[in-house]
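Student: Sequence plus predicted model, see below.
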Amino acid sequence: MGTRIELHRFGDGAPDALTLAQRAIEQVDDALTIHRPSPATALNEVLRGGGPAKIDDPILFDALVQIDDARATTEGLFDPAVDRRLVTSGWPQLRFDRHAATLACDAPVALDFGGFGKGYALDRAILALREAGVECALLSAGESSIAVIGAHPLGGAWSFTVPDPRNGADALVEVELIDEALSISSTLGVGVAAPERAAMLRPGRKEAIVAPRTAVVVDRSGAIAEMLSTALIVADDAAARRLHDGVRRMLFDLAPAAPIRMFA
């Protein structure tokens, strides 16, 4: 993932719980990375050739199921198949047969699991920790994807301050989590440096989103939080208004000197 991962457990649980959580994250990275040979890169090679692909890797298959299931939730704005280099690319070009575990396409397509992978990896790690008997934990992937098990070890919710990416000393918002995940997406930083990433492209017109904005989403699922924060970043105003709720799904306009919570 190229991301610093931190895992903290508190209280009871199996002695090897953190090792199991780390292994779960590594398995997701091995399955979904597109930066070295993996099941995802093998899938992309077939899809770029326009052919149907058999999906043998269980993690890759489960990831595709979750992405497909979230299409309605994100109004199709999370699209790992959108690509400026491939004119007709996009999830609608794919035919996903869950029963046969195959993925076919009408035109060359390649998948980019950015905007999904970190949250999904944290979900798998959380599951591993729960199965190991852990009832209190904090997991962080690059500080933009966070998940917690239970309440804070000192009691009450886990409290997090989301900083203004233009000046880390200023806060955008504070959120509290119990058995939830937090995802932060922004056009500042890496988004500006790599505007061709699928997570920074608006499906349909494939416009690179460069306006200064940050999305903050809290959800029970890290994968859903990640997909929704990406969707908010690339949404036009009408779609963002529908996705935004001002409490668990927030979008901030960073163009003014003082951040504005959009559609508050």
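Tutor: Cool, the structure landed. Numbers count the residues shown, from 1 in each chain.
Student: C-alpha only now, for contacts and for neighbours.
Tutor: Will do.
Student: For the stretch 1-150 of the chain, just list every one of the strands.
Tutor: Per DSSP state E, counting those that start in this stretch, the stretch 1-150 of the chain carries strands over the ranges 5-9, 53-54, 94-97, 102-105, 137-141, 145-149.
Student: ok, then the element right after the lowest-mean-pLDDT helix or strand in the chain?
Tutor: Of all helical and strand segments in the chain, the minimum by mean pLDDT, DSSP states H and E falls on helix 190-193, at a mean of 48. Remark: after helix 190-193, the chain's next helix or strand is strand 201-202, criterion DSSP states H and E.
Student: Now stretch 64-80: buried residues?
Tutor: Buried positions in stretch 64-80, judged by neighbour count with 16 or more other C-alpha atoms under 10 Å: 64, 67, 68, 70, 73, 74, 75, 76, 77, 78, 79, 80.
Student: Enumerate every residue touching residue 102.
Tutor: Taking C-alpha atoms under 8 Å, 6 or more residues apart in numbering, we find residue 102 in contact with 52, 53, 54, 55, 96.
Student: run the last query once more with 10 Å
Tutor: Listed by C-alpha atoms under 10 Å, 6 or more residues apart in numbering, the contact set of residue 102 reads 52, 53, 54, 55, 56, 61, 95, 96.
Student: Return the distance of it relative to residue 36.
Tutor: Computed as C-alpha to C-alpha, to the nearest Å, the residue 102 to residue 36 distance reads 22 Å.
Student: Could I get the average pLDDT for the longest strand seen in the chain?
Tutor: Counting residues, the longest strand in the chain under DSSP state E turns out to be strand 167-177. Strand 167-177 shows a mean pLDDT of 90.
Student: I'd like to know which elements that strand is packed against.
Tutor: Other elements packing on strand 167-177 under the criterion 3 or more C-alpha pairs under 10 Å, 6 or more residues apart in numbering; DSSP states H and E are strand 145-149, strand 158-164, strand 213-219, strand 249-253, strand 260-261.
Student: which one of those strands lies closest to residue 11?
Tutor: Set against residue 11 and scored by C-alpha to C-alpha, the helices and strands packed on strand 167-177 come closest in strand 145-149, at 11.5 Å.
Student: Specify which member of the buried residues of stretch 64-80 is nearest to residue 3.
Tutor: Out of the buried residues of stretch 64-80, the member with the shortest distance to residue 3 (by C-alpha to C-alpha) is residue 80, at 19.1 Å.
Student: what residues are up against that closest one?
Tutor: By C-alpha under 10 Å, 6+ apart, the contact list for residue 80 reads 64, 67, 89-91, 109-116, 197-199, 201, 203, 227.
Student: which of these count as buried?
Tutor: Buried by 16+ other C-alpha under 10 Å: 64, 67, 89-91, 109-116, 197-199, 201, 203, 227, out of those.
Student: What is the burial count for the residue nearest to residue 6 when sequence neighbours are not counted?
Tutor: For residue 6, ignoring the flanking residues on the chain, the nearest one in space by C-alpha to C-alpha, 6 or more residues apart in numbering is residue 140 at 5.1 Å. By the criterion of other C-alpha atoms under 10 Å, residue 140 has 21 neighbours.
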